[in-house]
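Undergrad: kindly return the folded structure for what I paste below:
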Amino acid sequence: MSSLAVRPDPSRVIGIATALTAHIAVGMLLLIGLSPMWDPPVAPNEPMETVWIPNPPPPPAPAMPVAPTRPTLLKPERVPPVVPRIPVPELTVPQPMMLPTISEPLGMSTSVPTDVPSSVESVATPSALAYAFAPPPTYPHQALRRGESGTVWLRVEVDAQGRPTNVTVHESSGSKALDLAARKQVLQRWRFVPARQGDQAVAAVGLVPIVFTPAG
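TA: From the prediction side, this is the model:
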C-alpha cells in the first residue's frame, strides 16, 4: 500500500470552520446574557414644575387725533350810526269852513287860521261841513328844501256821500308845490261827513285850509 498523504476537501474545511464560528458566537451570547448593551432612559422622580406664562398685555390703543379748537372770533360791537336829526315839518289841517259859515270838524282840535279869505262866496248850505277822513298831505321835498311855507285854501265840492267831486285852489299859499300837494291829497283821499237837510243827505261846498310849516 502506498503512503500518499490524503489531501483534505476544501468545502468540508469551510463548512467545519463556519460551524465552529457559529458555536463560538452562541457560547459568547450565553455568557453575556440577554441584557441590553445600553441602559434605557429612566424618567426622573422629581415632580415637574409648571410655570404659567402670562399673556402679553394688549398693545395700547392708538390715540385718536384731537381736532384743533377753533378760535373764538369776537364780533366787534356794532355801534349804530349817528343819524342826524332831520326836522319834521308840521302840517296843520284846521276845520273846514262852510260857505258862508265856519263849522267845527269831527275829531279835530286845531284852531282856525286868522287870515280867513275875505272873498267868501255867499252860498246857502243846509248844515256844517265836517271831516270824516282827512290825513295831512306829504310835505313836498322841493318846497321843504327851499323853506317854503304857508296856508292854502281849497274850495271843495262834496257830494251827498261825502266824496270830494271838485277841488280848486281858492287862495294860494304862495308856493305852487304846496298848492298842488294839498289839492291832490284832498281830492284823492279825503272824505267828509255828508251835509244834511233835515233827514236827507245833500251836496255841499266848503273852504278847507291846509297849513304847511317847516320845523324850526
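Undergrad: so what strands line up beside the one helix or strand Val156 maps to?
TA: Per DSSP states H and E, Val156 falls inside strand 150-158. Partners of strand 150-158 in the sheet, by DSSP bridges, are strand 164-171 (antiparallel), strand 204-213 (antiparallel).
Undergrad: to Pro56, which of those lies closest?
TA: Checking the strands paired with strand 150-158 against Pro56 by CB to CB gives strand 204-213 as the closest, at 99.2 Å. Where you see a C-beta, it was placed from the backbone N, CA and C, and this is true even at glycine.
Undergrad: what residues sit buried inside the closest one?
TA: Ala204, Val205, Gly206, Leu207, Val208, Pro209, Ile210, Val211, Phe212 (16 or more other CB atoms under 10 Å).
Undergrad: would you turn those into a markdown table with pLDDT?
TA: Shown next, in a markdown table, are those (pLDDT from 0 to 100):
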| residue | pLDDT |
| --- | --- |
| Ala204 | 92 |
| Val205 | 93 |
| Gly206 | 91 |
| Leu207 | 92 |
| Val208 | 92 |
| Pro209 | 93 |
| Ile210 | 93 |
| Val211 | 93 |
| Phe212 | 93 |
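Undergrad: all strands of this protein, in order?
TA: Along the chain, counting by DSSP state E, strands occupy 90-92, 97-98, 130-133, 150-158, 164-171, 191-193, 195-197, 200-202, 204-213.
Undergrad: columns distance to Asp9 on top of these, output as JSON lines?
TA: Below are those laid out as JSON lines (distance: least, CB to CB, whole Å):
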{"stretch": "strand 90-92", "distance to Asp9": "174"}
{"stretch": "strand 97-98", "distance to Asp9": "190"}
{"stretch": "strand 130-133", "distance to Asp9": "173"}
{"stretch": "strand 150-158", "distance to Asp9": "182"}
{"stretch": "strand 164-171", "distance to Asp9": "179"}
{"stretch": "strand 191-193", "distance to Asp9": "175"}
{"stretch": "strand 195-197", "distance to Asp9": "188"}
{"stretch": "strand 200-202", "distance to Asp9": "185"}
{"stretch": "strand 204-213", "distance to Asp9": "177"}
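Undergrad: rank those by mean pLDDT and give me the bottom one.
TA: For the strands of the chain, mean pLDDT drops lowest on strand 97-98, to a mean of 64.
Undergrad: quick one: which of the buried residues of strand 204-213 is nearest Met64?
TA: Checking those against Met64 by CB to CB gives Phe212 as the nearest, at 76.3 Å.
Undergrad: any idea what that closest one is bridged to?
TA: Beta-bridge partners, per DSSP bridges, of Phe212: Leu91, Gly150.
Undergrad: that one and Ser173 touch, don't they?
TA: Yes - proximity of Phe212 to Ser173 meets the contact threshold set by CB atoms under 8 Å, at 6.4 Å.
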